[in-house]
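# Show me how the following folds:
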Amino acid sequence: MNKKSFWKSGHKPTLFGSFLYFDISFMIWGMIGPLAVVIANDYPMDPVQKANLVALPILGGSLLRLLLGFMSDYIGPKLTGQIGMLVTIIPLLLGWLWVDSLEHMYVVALLLGVAGASFAAALPLASQWYPKEHQGLAMGIAGAGNSGTVLATLFANRIAQHFGSWEAVFGLAILPILTVFVLFSIFARNSPHRPAPKSLSQYASVLKQRDAWVFCAFYCVTFGGFVGLSNYLTIFFNTQYGLSAVHAADFATVCVIAGSFFRPVGGFLSDRIGGSRMLMYLYAGAGIMLAGIAFLPPLTVVVVLLFVGMMCLGAGNGSVFQLVPQRFGNEIGLMTGIVGAAGGIGGYFLPLILGHLYKSTGSYMPGFICLSLITFCAFTLVIIMQLKWRNSWMRRSATVTDEAVNRIGELNI
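Residues are numbered from 1 along each chain as shown. Just a heads-up that it's a prediction; the model follows:
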């Protein structure tokens with residue numbers, strides 16, 4: 001595959017629209033992470049309460065991804081995305097005008113999950129325009145919209161500081177979501193090759209297949225690790241290294257950039273050497289970095305370790321979704337929702353692990369050791385599954401070109 005053949009094989013305006021939708025939705029989904037330190041000035045929270053606050057948007061997103069995945073198959077990913085953006089305005093209005101207690105803030109945090117659920121519409125919308133041998137790169141480019149998290153960590157606390165109110169951040173976020181709604185409506189189109197909707201019984205049958213649960217486990221670690229750390233790192237830098245809310249979010253931004261922009265790289269490289277082999281390398285790298293972070297080295301060192309670790313997790317997101325359409329091409333809408341929901345669940349538990357263990361031990365070391373062990377478990381699972389897959393659907397898949405088959409053979413995948 002070359003770059004020219006990829007760009008000619010699909011629909012660029014839809015790819016652009018999907019990226020914008022995903023990007024602005026992730027910005028909104030990730031706002032509470034950096035704002036948590038500022039919100040705590042108005043509503044004092046212990047470590048577990050802070051962890052709950054930043055985890056609730058992820059939980060809401062994981063649950064609603066199932067719904068949006070179902071809607072994408074039945075009414076089309078474009079209409080699903082349009083509905084998702086309009087509904088996202090509701091929690092933004094509530095955060096701006098309604099919140100006056102920590103309990104209200106929890107409600108808003110949970111409802112912001114609809115922005116995170118954009119995953120289940122944006123990725124199928126983009127990928128359905130491209131042949132399967134290019135879907136790793138297509139889904140990686142659309143999925144690079146998780147770079148919206150960078151916008152949240154970089155600007156949310158600065159805007160709150162400028163206006164003297166974190167509530168203003170919610171109100172101002174309505175402007176970009178409305179702008180993207182208009183652009184998305186103009187540029188994005190459903191693919192004429194979109195698979196016909198399946199019955200509920202057919203969807204249920206997907207979950208009876210072991211591979212569906214394996215992909216869920218993989219994405220629970222890669223995406224869950226990325227989004228969970230993205231939402232929690234501002235709290236980590238503020239608590240462990242005593243940085244101000246703005247500076248803590250700046251350091252978090254550096255780490256989030258790595259995870260965001262290496263997602264398409266993961267998809268691109270997986271198209272060439274195979275998603276399972278790529279995941280094996282990435283899980284090993286992430287596990288080593290998380291183990292190093294557990295020793296809580298000086299700030300400069302921990303930023304480097306987090307950057308490389310987040311890079312591995314972000315690229316791993318692209319690798320997982322290079323494999324999913326090959327194995328479940330006809331159920332890609334629902335599988336995107338299911339696998340995405342699993343990733344959200346992983347992201348929900350990660351802040352809770354760090355927050356609870358910090359509260360009980362007074363140190364982040366046990367939390368990061370736990371995360372490292374989970375990542376190495378995923379590494380082991382990849383090794384086991386690739387031995388099974390290379391003798392089953394990977395070999396039979398009509399989506400693999402002769403050139404890719406030869407390359408896979410040379411690499412003993």
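
# quick one: low-confidence parts of the stretch 151-300 of the chain?
195, 197-200, 202-203 (pLDDT under 70).

# Could I get the full set of helices for it?
In the stretch 151-300 of the chain, the segments counted as helices under DSSP state H, counting those that start in this stretch are 167-172, 174-187, 200-206, 210-241, 245-261, 263-273, 275-293, 299-327.

# Tell me which of the ones you listed lies nearest to I374.
Proximity to I374, assessed across those by Cβ to Cβ, is greatest for helix 210-241 (6.3 Å). Quick note: C-beta positions are derived from backbone N, CA and C, even for glycine.

# Now do that closest one and helix 245-261, the angle between them.
With axes from the mean of the first three to the mean of the last three Cα atoms, to 10 degrees defining the directions, helix 210-241 sits at 150 degrees from helix 245-261.

# hang on, the earlier thing: quick one: closest of the helices of the stretch 151-300 of the chain to I28.
helix 174-187 (6.5 Å).

# Report the buried residues of the closest one.
Buried residues in helix 174-187, defined by neighbour count with 16 or more other Cβ atoms under 10 Å: 176-177, 180-181, 184, 187.

# Please identify which of these is nearest to Y130.
Nearest to Y130 among these, with distances taken as Cβ to Cβ, is F187, at 16.1 Å.

# Put together a markdown table for the helices of the stretch 151-300 of the chain, with distance to A122 on each row.
Shown next, in a markdown table, are the helices of the stretch 151-300 of the chain (distance: least, Cβ to Cβ, whole Å):
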| stretch | distance to A122 |
| --- | --- |
| helix 167-172 | 22 |
| helix 174-187 | 9 |
| helix 200-206 | 20 |
| helix 210-241 | 14 |
| helix 245-261 | 14 |
| helix 263-273 | 13 |
| helix 275-293 | 20 |
| helix 299-327 | 12 |
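
# which one of those helices lies closest to M85?
helix 174-187 (4.6 Å).

# So which elements touch the closest one?
helix 12-29, helix 77-97 (3 or more Cβ pairs under 8 Å, 6 or more residues apart in numbering; DSSP states H and E).

# ok, and what's touching it?
Contacts to helix 174-187, defined as Cβ atoms under 8 Å, 6 or more residues apart in numbering, come from residues 13-14, 16-17, 20-21, 23-25, 27-28, 78, 81-82, 85-86, 88-89, 92-93, 96.

# Just the buried residues of these.
14, 16-17, 20-21, 23-25, 27-28, 78, 81-82, 85, 88-89, 92, 96.

# related to what we said a few turns ago, weakest of the helices and strands packed on helix 174-187 in terms of mean pLDDT?
Comparing mean pLDDT across the helices and strands packed on helix 174-187, the lowest value falls on helix 12-29: a mean of 89.

# Also compute the angle for that one relative to helix 174-187, please.
160 degrees.

# Check which residues of whichever helix or strand comes after helix 12-29 are buried.
Scanning forward in sequence from helix 12-29 by DSSP states H and E, the next helix or strand is helix 32-42. Buried residues in helix 32-42, counting neighbours by 16+ other Cβ under 10 Å, are found at 32-40.

# repeat for stretch 247-266
248-266.

# Mind pulling up the pLDDT for the nearest residue to H193 once chain neighbours are set aside?
The shortest distance from H193 to any residue other than its chain neighbours is 6.3 Å, reached at Q128 (Cβ to Cβ, 6 or more residues apart in numbering). Q128 is assigned 76 on the pLDDT scale.

# Could you count how many residues lie near Q128?
Taking other Cβ atoms under 10 Å as the neighbour definition, Q128 ends up with a count of 25.

# Likewise for P192?
8.

# Distance of it relative to V324?
22 Å (Cβ to Cβ, to the nearest Å).

# got it, and F170?
Applying Cβ to Cβ, the value for F170 to V324 is 33 Å.

# With M71 instead?
For M71, the distance to V324 - Cβ to Cβ - is 18 Å.

# The two: who's more crowded?
Each of M71 and V324 has its neighbours counted (other Cβ under 10 Å); V324 has more, 27 against 22.

# Go ahead and confirm the more buried one touches M335.
Yes: using Cβ atoms under 8 Å, V324 is in contact with M335, at 5.6 Å.

# Confirm for me that G318 is in contact with S260.
No: taking contacts as Cβ under 8 Å, G318 lies outside contact range of S260: 11.0 Å.

# To what extent is D100 buried, counted in neighbours?
11.

# Using the three-state scheme, assign it.
Secondary structure, DSSP: H, G, I helix; E, B strand; the rest coil: D100 is coil.

# From V107, how far off is it?
For D100, the distance to V107 - Cβ to Cβ - is 12 Å.

# Compile the buried residues of helix 32-42 into CSV and extend it with columns for pLDDT.
Output for the buried residues of helix 32-42, formatted as CSV (pLDDT from 0 to 100):
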residue, pLDDT
I32, 94
G33, 91
P34, 93
L35, 95
A36, 94
V37, 93
V38, 94
I39, 95
A40, 93
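
# pLDDT score assigned to P57?
For P57, pLDDT reads 94.

# likewise V54?
94.

# So it versus F187, what's the distance?
32 Å.

# before we move on, what about I235?
For I235 relative to F187 (Cβ to Cβ), the value is 37 Å.

# before we move on, what about A121?
15 Å.

# okay, which residue is most central for this structure?
Most central in the chain under Cα atoms, centre = their mean is F223, positioned 4.6 Å from the mean C-alpha point.

# from what I can see it touches I345, true?
No: in this structure, F223 is not within contact of I345 by Cβ under 8 Å, at 9.9 Å.

# and for these two, which residues touch both?
By Cβ under 8 Å, 6+ apart, no residue touches both F223 and I345.

# which parts of stretch 208-223 are buried?
Buried residues in stretch 208-223, counted by 16+ other Cβ under 10 Å: 211-212, 214-223.

# Same question for stretch 342-361.
For stretch 342-361, by 16+ other Cβ under 10 Å, it's 342-358.
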